[in-house]
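Visitor: Curious how this folds, go ahead:
(one chain, ligands or ions: 1)
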Amino acid sequence: MPERDAAGLLRDAKRVVVFTGAGMSAESGVPTFRDSLTGLWARYDAQSLATPEAFEADPALVWGWYEWRRAEVEQVAPNAGHRAVAAIAARVASTVVITQNIDDLHERAGLEEVVHLHGSLFTPRCSGCGAPAEPGDVPAEGGRIPPPVCVDCGADVRPGVVWFGEQLPAAALSAAAEAAFDCDLLLTIGTSGLVYPAAEIPYVADRAGATVIQINPEPTALDSVAAVNLRGPAAQVLPDLVA
Ligand SMILES: CC(C)NC(=O)[C@H](Cc1c[nH]c2ccccc12)NC(=O)[C@H](CCCC/N=C(/NCCC(=O)O)S[C@H]1O[C@H](COP(=O)(O)OP(=O)(O)OC[C@H]2O[C@@H](n3cnc4c(N)ncnc43)[C@H](O)[C@@H]2O)[C@@H](O)[C@H]1O)NC(=O)OCc1ccccc1
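Guide: Below you'll find the model as predicted:
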């Protein structure tokens, strides 16, 4: 029975990587990347909105979208899946949690260190000089919101996320690749495995001889690299795995 194998594999693991995507936060009520296009943004395609070109063309539209997503995240709480991942990190000293998510639910579930490959909703910076900016109060009204300007150089402040066509933060990418190369077990949770170079991480672990366990209610591009596929929602499957 896959669950028992997975629990046994996790119990015996010495160096664990937990790799997460939007599905990890779905049961908290955070819309997955593709579902985050409602209201004003419904007529846009996420991949074209999450680009430097879109911000250049209409800063208020894109800033407003990220402020809406930040408001969503601030209204929800980590789920039992996030708490189970924190329990794994507490139990297996050398656990590295790598996420594609820009929410802070892993941290709010008790994790001090999380490798954010695609940035965060809570680390805005100047689009000109790169100076960190204060994430102001979440605006009450949704819709188009002009971004604040940088106190140092007056350029627009931008969300601290990685947009399509932009390089990932070098430190995060190398920390992730290194952890995947060194681990003996990688858990991939709630990701479709379609966005690169992040999606390469489970393959790095597999090629280095680690066991890959996937948790996802649906089949994904990562089925082929997973030794064990647990077909279920993260917040239901993970607690059993760490029980
Ligand atoms: C779409 C894809 C084809 N395109 C790319 O990958 C591109 C281009 C590219 C590069 N290399 C390639 C190689 C091949 C093909 C294309 C490329 N990559 C890039 O542009 C990257 C940057 C990519 C990062 C983009 N930013 C994001 N996010 C931040 C912003 C924001 O969020 O707004 S990506 C964003 O989308 C992705 C969404 O994927 P998932 O998280 O997996 O979510 P998804 O909705 O797809 O699936 C949810 C899954 O959960 C499951 N699920 C649902 N409920 C549950 C549940 N309850 N429990 C468990 N699972 C569940 C579902 O079944 C499903 O499987 C995440 O990565 C997320 O971070 N940059 C770059 O390559 O730069 C290079 C470069 C080189 C030189 C010079 C300059 C540049």
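Visitor: any idea how far the ligand is from the residue nearest the centre of the chain?
Guide: For the chain, the residue sitting closest to the mean C-alpha position, by Cα atoms, centre = their mean, is Asn101 at 1.7 Å. Asn101 sits at a distance of 6 Å from the ligand (criterion: Cβ to the nearest ligand atom, to the nearest Å). For glycine as for every other residue, the C-beta is placed from the backbone atoms N, C-alpha and C.
Visitor: Pretty sure that residue sits against Thr20.
Guide: Yes - the criterion here is Cβ atoms under 8 Å, and Asn101 meets it with Thr20 at 6.3 Å.
Visitor: For the residue in the chain that the ligand sits nearest to, which non-adjacent residue is closest in space?
Guide: For the chain and the ligand, the shortest gap (Cβ to the nearest ligand atom) falls at Gly23, measuring 2.4 Å. Sequence neighbours aside, Gly190 is the residue nearest to Gly23 in space, at 2.2 Å (criterion: Cβ to Cβ, 6 or more residues apart in numbering).
Visitor: And for Asp206?
Guide: Among residues not flanking Asp206 along the chain, Val225 sits closest, at 4.7 Å (Cβ to Cβ, 6+ apart).
Visitor: residue contacts, the one you found?
Guide: By Cβ atoms under 8 Å, 6 or more residues apart in numbering, the contact list for Val225 reads 202-203, 206, 212.
Visitor: so the residue of the chain closest to the ligand touches Ala234, yeah?
Guide: Yes - at 6.1 Å, Gly23 and Ala234 qualify as touching, with contact defined as Cβ under 8 Å.
Visitor: out of the contacts of Val225, who's near the ligand?
Guide: On the criterion Cβ under 6 Å from any ligand atom, none of the entries of the contacts of Val225 sits beside the ligand.
Visitor: Max pairwise distance over those residues: which two?
Guide: Greatest spatial distance in those: Tyr203 and Val212, 8.6 Å, computed using Cβ to Cβ.
Visitor: Quick one, grab the pLDDT at Asp5.
Guide: Looking at Asp5, its pLDDT is 84.
Visitor: Next, the distance between the ends of stretch 97-113.
Guide: Stretch 97-113 has an end-to-end distance of 7 Å (Cα to Cα, to the nearest Å).
Visitor: With stretch 91-102 instead?
Guide: Terminal-residue distance, stretch 91-102 (Cα to Cα): 25 Å.
Visitor: What of stretch 179-187?
Guide: 12 Å.
Visitor: can you pull out the strands in this protein?
Guide: For the chain, the strands defined by DSSP state E occupy 15-20, 94-99, 115-116, 125-126, 157-158, 185-189, 211-215, 228-230.
Visitor: Reformat those as CSV; add mean pLDDT.
Guide: Below are the strands of the chain laid out as CSV (pLDDT from 0 to 100):
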stretch, mean pLDDT
strand 15-20, 98
strand 94-99, 98
strand 115-116, 98
strand 125-126, 97
strand 157-158, 97
strand 185-189, 98
strand 211-215, 98
strand 228-230, 96
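Visitor: With mean neighbour count added, can I get those strands in JSON lines?
Guide: Supplementary listing: the strands of the chain in JSON lines, determined by neighbours: other Cβ atoms under 10 Å:
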{"stretch": "strand 15-20", "mean neighbour count": "26"}
{"stretch": "strand 94-99", "mean neighbour count": "23"}
{"stretch": "strand 115-116", "mean neighbour count": "22"}
{"stretch": "strand 125-126", "mean neighbour count": "18"}
{"stretch": "strand 157-158", "mean neighbour count": "22"}
{"stretch": "strand 185-189", "mean neighbour count": "27"}
{"stretch": "strand 211-215", "mean neighbour count": "25"}
{"stretch": "strand 228-230", "mean neighbour count": "19"}
